[in-house]
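Asks: Sharing a model that was predicted from the sequence below.
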There are 2 protein chains.
Amino acid sequence: MSTAEAKPPTEATPAEVRAAVRDATWTGPTAGACPGHLQANLAILPHELAFEFLLFCLRNPKPCPLVAVTEPGNPQVDAGDERADLRTDLPRYRVWRHGELIAEPADLSAHWREDAVGFLLGCSHTFDDALTATGVPVRHLDAGASPAVYVTTVDCTPAGPFRGPLVVSMRPVPGELVERATEVTGRYPLGHGSPVHIGDPSALGIRDLSTPDFGDPPEPRPGDVPVFWACGVTPQLVIPAAGPAYAMTHYIGHMFVFDHPSDVRLS
Amino acid sequence: MSTAEAKPPTEATPAEVRAAVRDATWTGPTAGACPGHLQANLAILPHELAFEFLLFCLRNPKPCPLVAVTEPGNPQVDAGDERADLRTDLPRYRVWRHGELIAEPADLSAHWREDAVGFLLGCSHTFDDALTATGVPVRHLDAGASPAVYVTTVDCTPAGPFRGPLVVSMRPVPGELVERATEVTGRYPLGHGSPVHIGDPSALGIRDLSTPDFGDPPEPRPGDVPVFWACGVTPQLVIPAAGPAYAMTHYIGHMFVFDHPSDVRLS
């Protein structure tokens, strides 16, 4: 993965980040870019599956918080203050055919389809900042690691061919701060919102917290309680499993940056 | 319009009302049935338009508050405590072909299609009760009339072929109770929620309040302020105008009764 710079321009506005991405002067991950602004995961699917995927998102709003949906074939999306282009304005993508990964380009122009529908789904990129800002320690940030992510035994509510397990991220939170962490993250409904579960991992079918399915093993401290939030990896597993004729998604960590503040409520 | 009884069984549970409707022992309007329970408008469209109509509802949540969406071809819907059938469990329907009204049956079984998708949209049936219960007089109820309904010059946010003006209902509210009416109706997001406009009708392009497009002329009293709420007639105009190969809707006033309380929030 090539990046023109080591870090995204944190002082840049969302429009400047999108422009840098479009010009390929920035092709790296967007973590840390534009603090306080909403970032989003991307899923692009054929029109014939758009109803079912939209319904899947509505039925599973915590793992799939819907921020924007595009018109079939039109790659433009309302970024807040201007129109942006889903083909060029994310730093990196993944392209799937019948559920198989076929490319990881920095530009989707060659892959775009006339019946393509884009879905932007909120992510938790700015959520950790909000926790830190209100005095809730985020252990994986302190360790320079990624949050631990687990595939649970809880099924999402299916819609058409879209079905699969809920995936969660876990953050160890000091017991006395669990209520605050719940309240703070609840202010970000487009960033997965409040926790889906607090405490006993076995309630989610997680046997061993020290062996996450994705991310880094957690580093809890004495008195920490495991707190679980719905995770954007959920649709990333659900989409290829549905085997659509084609799909395009963001590359992990390489998100779309909106002009909106991260605690925006869109309806 | 034939009705087996003059009034729906107000003491009956929603399940009992649906059963009476299914057995055709009740074929009249549902106003007054099951006070405190959610009622909904119905729209049924071909799968090929389901994505665009779902998007239209999401983009216009006040006129089109989404309560439930069915799987393509499956007429069953979760009524709350049991499954119900969209083909039989509303007292009366309208059937459209390419935007033209072709039938007004009491049962949809002969019209159902294999690719039919049902949308249940909240309505304001129980909203007037909530106003009355909190001391806000509802002038049209006092007069035994229907609320005045106006087609505005404000456009809904379009989605695919679905586009058209916002339609509003107006209730004259004593000036000192406007804030309360706003707050109370805001508790019913699935019943069109808080007002879309308060005061000057010309802001909505309404020239003369005394000549509504639907319903009865309002009977304001001195000191009353016109308060406008989004109205479920909006999609009833938008759907035929889009000219779908087929559409089926409830017959005006003949709604689906849910087991849910009317102030339920579904996500």
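Replies: Done, it's in.
Asks: Next one: residue A:86 from chain B, what distance?
Replies: Distance of residue A:86 to chain B, given as CB to the nearest CB, to the nearest Å: 16 Å. All C-beta spots, glycine's among them, are computed from the backbone N, C-alpha and C.
Asks: residues in contact with that residue?
Replies: Contacts for residue A:86 (CB atoms under 8 Å, 6 or more residues apart in numbering or on different chains) come out as A:42, A:44, A:70, A:75, A:76, A:77, A:108, A:118, A:256.
Asks: Okay, it and residue A:109: tell me how far apart.
Replies: Note on residue A:86: its distance to residue A:109, by CB to CB, to the nearest Å, is 10 Å.
Asks: what about residue A:114, which SS state?
Replies: With DSSP: H, G, I helix; E, B strand; the rest coil as the basis, residue A:114 sits in coil.
Asks: cool, and the one 4 residues further on?
Replies: Taking three-state DSSP as the rule, one finds residue A:118 in the strand state.
Asks: Keep only those of the contacts of residue A:86 that are in helices.
Replies: Members of the contacts of residue A:86 lying in helices (criterion: DSSP state H): none.
Asks: Among those residues, the buried ones, what's the PyMOL command?
Replies: A single PyMOL command selects the buried members of those (16 or more other CB atoms under 10 Å in any protein chain shown):
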select buried, chain A and resi 42+44+70+75+77+108+118+256
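Asks: Distance check, residue A:262 against chain B.
Replies: Counting by CB to the nearest CB - residue A:262 and chain B are separated by 20 Å.
Asks: how about TSV for the contacts of residue A:86, with distance to chain B added?
Replies: Formatted as TSV, the contacts of residue A:86 follow (distance: CB to the nearest CB, whole Å):
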residue	distance to chain B
A:42	17
A:44	14
A:70	10
A:75	16
A:76	15
A:77	13
A:108	21
A:118	12
A:256	19
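Asks: Strands - which of the contacts of residue A:86 land there?
Replies: When DSSP state E is applied, the contacts of residue A:86 are split such that A:42, A:44, A:76, A:77, A:118, A:256 fall in strands.
Asks: Now tabulate those residues in CSV and tack on pLDDT.
Replies: Listed next are the ones in strands among the contacts of residue A:86 as CSV, based on pLDDT from 0 to 100:
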residue, pLDDT
A:42, 96
A:44, 98
A:76, 96
A:77, 95
A:118, 97
A:256, 95
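Asks: just curious, which of those residues is nearest to residue B:23?
Replies: residue A:118 (46.7 Å; CB to CB).
Asks: Show me which residues of the stretch 101-250 of chain A sit near chain B.
Replies: Residues of the stretch 101-250 of chain A found near chain B (CB under 8 Å from any CB of the partner chain) are A:117, A:159, A:160.
Asks: got the contact list for the residue lying closest to residue A:149 once chain neighbours are set aside?
Replies: Closest residue to residue A:149 apart from its sequence neighbours, by CB to CB, 6 or more residues apart in numbering or on different chains: residue A:214 at 3.9 Å. Listed by CB under 8 Å, 6+ apart, the contact partners of residue A:214 are A:146, A:148, A:149, A:150, A:167, A:233.
Asks: who are the neighbours in contact with the second one?
Replies: In this structure, residue A:148 makes contact with A:140, A:169, A:170, A:209, A:212, A:214, A:215, A:216, A:217, A:218, judged by CB under 8 Å, 6+ apart.
Asks: Of these, grab the buried ones for ChimeraX.
Replies: The buried subset of these, as determined by 16+ other CB under 10 Å, is captured in ChimeraX by this line:
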select /A:140,169,170,212,214,215,218
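Asks: Could you point out the helix or strand that follows the lowest-mean-pLDDT helix or strand in chain A?
Replies: Here the helix or strand of chain A ranked lowest by mean pLDDT, DSSP states H and E is helix A:127-133, holding a mean of 85. Using DSSP states H and E, the helix or strand that follows helix A:127-133 in sequence is helix A:139-142.
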